[in-house]
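In: mind looking at a prediction? Sequence and model below.
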Amino acid sequence: MTSKLKLENGILKLLLSISYLLIILASIILYKTSPANGYELDIYSTIPNSFFISIYLSMLISIFIGAYISFNFKRNMQLIYCLTILNIILNNYLFQNIKFLRGYAFFDRGDMINHIFEILKISSTNHLDSKNFYPATHILGSSLYEVCGLEITKIDSYISIPFSILYILSMYILAKKISSDNKFSLLVSLASAIPVTGSYGIGFYPANISTLLLPLTLYIIYLFSNIKNKISSKICAVTIILLYPLIHPLTSVILIGILLLLYAIESIYGTNMILSLTKKHYTHIKRINVEIIFILFITFISWFSMFSVWALKIREIYNIIFTDTVSPLSDTLELANKVQFSIFDIFELMVKMQGGALIYASIAIILAFVYLKQNNTQEEYLEIRENIFAIFAFLLLIVVFQLIVILFPTGIDTFRPLRYTVIFTTILLGLAVFIKNNTSKKETSIKVVAFTSIFGILIGLSIMSYPSPYQFTPNPQITYQDIAGTKWIEENKNQNSEIIGIWPYSTYVNVLAILEKEIKSMNKLYISRTSDHFGYDTNNSIAKTYNSDTYLPIFEYDRDTQLVLWYEAEHFYKEDFQKLSRDSSVDLIYENGETEVWKV
């Protein structure tokens, strides 16, 4: 090894050491920070800024090291590169687990409660419920809970690491099928280690697992279609195709769309047509086996049609086509007008909530256009270009899907399709290696700095991906005081009493059942919600709004969201809570500092 290479390796090792010292520093800062003793509307306001700065700098240095190695790869840098990826994974893991290290009783008010409930139900009954829509994920969670003795409320923390590593490895081997150049695969692996899906990457959801498995699935399908007489690849492909709809049906729809689009593109290439976009002949793409698409489609229809959601989606499609429906975009604009949000404010909020995925996709599309306009006639370039055109088409397919979700009431989360763009945007961003492949050392340095800068912005947005006032969203924390109040109500309420709440009370009942592991069925009762202003805008007494023997629990979450975060929506005023305390028709029967229970 020359003295120049030794110096280069020495500088990389020094930077890597600094990166690891920063994550150790961040861990110490978080450990020294006092745990939460109540509800926190903004998780960022309770943790020192030095923690987030340490994580940010640690990841930024790691990205610089990884980008430098990817553009200037030498075999003696392999270990440094692997340790760099590991550092990014550890940073992600530490960041995702802030909610547990803060000492929260529970961190979610939505779908994760249902998923953990189903996992516990499988463990307690040794039976899979006929209404279980995501059995593969829940069986995996139940197995980890039973065999490893993991804490049930932290199940997403334990699952995230192995699936994240599997995702990075899958992206590496998938990139290898696009190009044999190791630099390209290294850059794609580096990009795939960086979280850009915002709050979607923080919780335990079947959609997350199905998305992380997507590149591995595409790779196995590639092997099934292009390696002759390999029974092992066929068994793997058929197994994962049969399993995929049981992990998440929507991701299966995306996969079907990708495979159909690829089949169509390959058919065009096969006829040796000249595509107007690129003005080139395409002959390198291999044929996707149509049988695998058919098996996936039949499995998806067979599984999805067994549930009531099938009829619901058919009805929604019918309403979209034949009736007047209000689009999610119209609802958003109406709400934005109410809280006096401009179009720019809405766009800014979208970027914040998606952790940079919008910026990520936009940059990738621009790079794809730049790449496809290159006039390089080398055989390797043309082969990569053909694959990239297909990937670019996949990205556009998902963009169209995203527009459909925004414009029509499909019942799908507004920005859920964005998470599916990450795989293809990651590959497209990796094309920076091949644009003007034979570049000078100066141009290579510019590429390293540009790549690091782009992901520096994305990391900054990802670090702000916890629900907070920054996103106009409350922290979904459930406190021990909330659970104590809920338990008191359940032990002391009258059997036929009505319970109403600003936030659905059933959420707290179900979390209580999870923490005490008393699993029977998801509690669908007590879902009544209070009228705006507790009805004081039309009546001077709450007894005129609600029947006697009605319980009204009020949590700190309710006060902070209604009086601080969403005060512009004007659902509740501070005076409404004051009127409640002075109302002689209602009694305060329980209080623990954060939770109050009133009885009419």
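Out: On my side now, so go ahead. Because the structure is predicted, anything quoted here is derived from the model rather than measured.
In: where exactly do the strands run in the stretch 51-200 of the chain?
Out: 106-107 (DSSP state E, counting those that start in this stretch).
In: nope, the stretch 351-500 of the chain is what I was after
Out: Remark: strands assigned in the stretch 351-500 of the chain by DSSP E, counting those that start in this stretch are 477-478, 498-499.
In: looking at these, which is closest to Asn182?
Out: Set against Asn182 and scored by Cβ to Cβ, the strands of the stretch 351-500 of the chain come closest in strand 477-478, at 44.5 Å. Quick note: C-beta positions are derived from backbone N, CA and C, even for glycine.
In: need the contact partners of that closest one.
Out: With contact meaning Cβ atoms under 8 Å, 6 or more residues apart in numbering, strand 477-478 is reached by 36, 39-40, 43, 99, 104-109, 507-508, 511, 557.
In: which one of the residues you listed sits closest to Asp345?
Out: Ile43 (22.4 Å).
In: what's around Val370, how many residues?
Out: 12 (other Cβ atoms under 10 Å).
In: now do it, the pLDDT please.
Out: Confidence at Val370, expressed as pLDDT, is 71.
In: check Asp413 too.
Out: Looking at Asp413, its pLDDT reads 75.
In: to Arg416, which of the strands of the stretch 351-500 of the chain lies closest?
Out: strand 477-478 (23.2 Å).
In: what about the closest one, average pLDDT?
Out: Regarding strand 477-478, the rounded mean pLDDT is 92.
In: partner strands of it, parallel or antiparallel?
Out: strand 106-107 (antiparallel) (DSSP bridges).
In: sorry, back to before: out of the contacts of strand 477-478, name the ones that lie in helices.
Out: 99, 507-508, 511, 557 (DSSP state H).
In: could I get those residues as JSON lines with neighbour count, distance to Leu83 and pLDDT?
Out: Output for the ones in helices among the contacts of strand 477-478, formatted as JSON lines (neighbours: other Cβ atoms under 10 Å; distance: Cβ to Cβ, whole Å; pLDDT from 0 to 100):
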{"residue": "Lys99", "neighbour count": "24", "distance to Leu83": "27", "pLDDT": "85"}
{"residue": "Thr507", "neighbour count": "23", "distance to Leu83": "42", "pLDDT": "86"}
{"residue": "Tyr508", "neighbour count": "29", "distance to Leu83": "44", "pLDDT": "88"}
{"residue": "Val511", "neighbour count": "22", "distance to Leu83": "39", "pLDDT": "87"}
{"residue": "Tyr557", "neighbour count": "25", "distance to Leu83": "41", "pLDDT": "93"}
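In: for Ser465, state which of the residues you listed is nearest.
Out: When the ones in helices among the contacts of strand 477-478 are compared against Ser465 (criterion: Cβ to Cβ), the nearest one is Lys99, at 12.0 Å.
In: check contacts around the nearest residue to that closest one once chain neighbours are set aside.
Out: Spatial nearest neighbour of Lys99, excluding adjacent residues (Cβ to Cβ, 6 or more residues apart in numbering): Phe107 at 4.1 Å. Contacts for Phe107 (Cβ under 8 Å, 6+ apart) come out as 99-100, 153, 203, 476-478.
In: check Leu30 and give its pLDDT.
Out: 91.
In: would you agree it is in contact with Phe51?
Out: Yes - using Cβ atoms under 8 Å, Leu30 is in contact with Phe51, at 5.5 Å.
In: rewinding a little: from the contacts of Phe107, keep the buried residues only.
Out: Taking 16 or more other Cβ atoms under 10 Å as the criterion, what is buried in these is 99, 153, 203, 476-478.
In: and the contacts of strand 477-478, which two are furthest apart?
Out: Top of the distance list for the contacts of strand 477-478 (Cβ to Cβ): Ile43 and Tyr508, 19.8 Å.
In: hang on, Trp598 in a helix?
Out: No - counting by DSSP: H, G, I helix; E, B strand; the rest coil, Trp598 is not found in a helix; it is strand.
In: all helices of the stretch 501-600 of the chain, in order?
Out: 505-516, 556-560, 574-582 (DSSP state H, counting those that start in this stretch).
In: okay, these in CSV with distance to Tyr68 next?
Out: Shown next, in CSV, are the helices of the stretch 501-600 of the chain (distance: least, Cβ to Cβ, whole Å):
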stretch, distance to Tyr68
helix 505-516, 46
helix 556-560, 45
helix 574-582, 55
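In: and the ones you listed, which one is worst for confidence?
Out: helix 505-516 (a mean of 85).
In: that helix packs against which elements?
Out: strand 106-107, helix 111-125, strand 477-478, helix 480-492 (3 or more Cβ pairs under 8 Å, 6 or more residues apart in numbering; DSSP states H and E).
In: so for Asp413, which of these sits nearest?
Out: Across the helices and strands packed on helix 505-516, Asp413 has its closest neighbour in helix 111-125 (9.6 Å, Cβ to Cβ).
In: quick check: angle from that closest one to helix 505-516?
Out: 40 degrees (axes from the mean of the first three to the mean of the last three Cα atoms, to 10 degrees).
In: then helix 111-125 to PDB, C-alphas only?
Out: Written as PDB, here are the backbone C-alpha positions of helix 111-125 (Å, rounded to 0.1, in the frame of the first residue of the first chain):
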ATOM      1  CA  ASP A 111     -53.300   1.100  13.600                       C
ATOM      2  CA  MET A 112     -50.400  -0.100  15.700                       C
ATOM      3  CA  ILE A 113     -52.800  -0.700  18.600                       C
ATOM      4  CA  ASN A 114     -54.700  -3.100  16.400                       C
ATOM      5  CA  HIS A 115     -51.600  -4.900  15.200                       C
ATOM      6  CA  ILE A 116     -50.200  -5.500  18.700                       C
ATOM      7  CA  PHE A 117     -53.700  -6.500  19.800                       C
ATOM      8  CA  GLU A 118     -53.800  -9.200  17.100                       C
ATOM      9  CA  ILE A 119     -50.200 -10.400  18.100                       C
ATOM     10  CA  LEU A 120     -51.300 -10.800  21.700                       C
ATOM     11  CA  LYS A 121     -54.500 -12.500  20.600                       C
ATOM     12  CA  ILE A 122     -52.500 -15.100  18.700                       C
ATOM     13  CA  SER A 123     -50.200 -15.700  21.600                       C
ATOM     14  CA  SER A 124     -53.000 -16.000  24.200                       C
ATOM     15  CA  THR A 125     -55.500 -18.200  22.100                       C
END
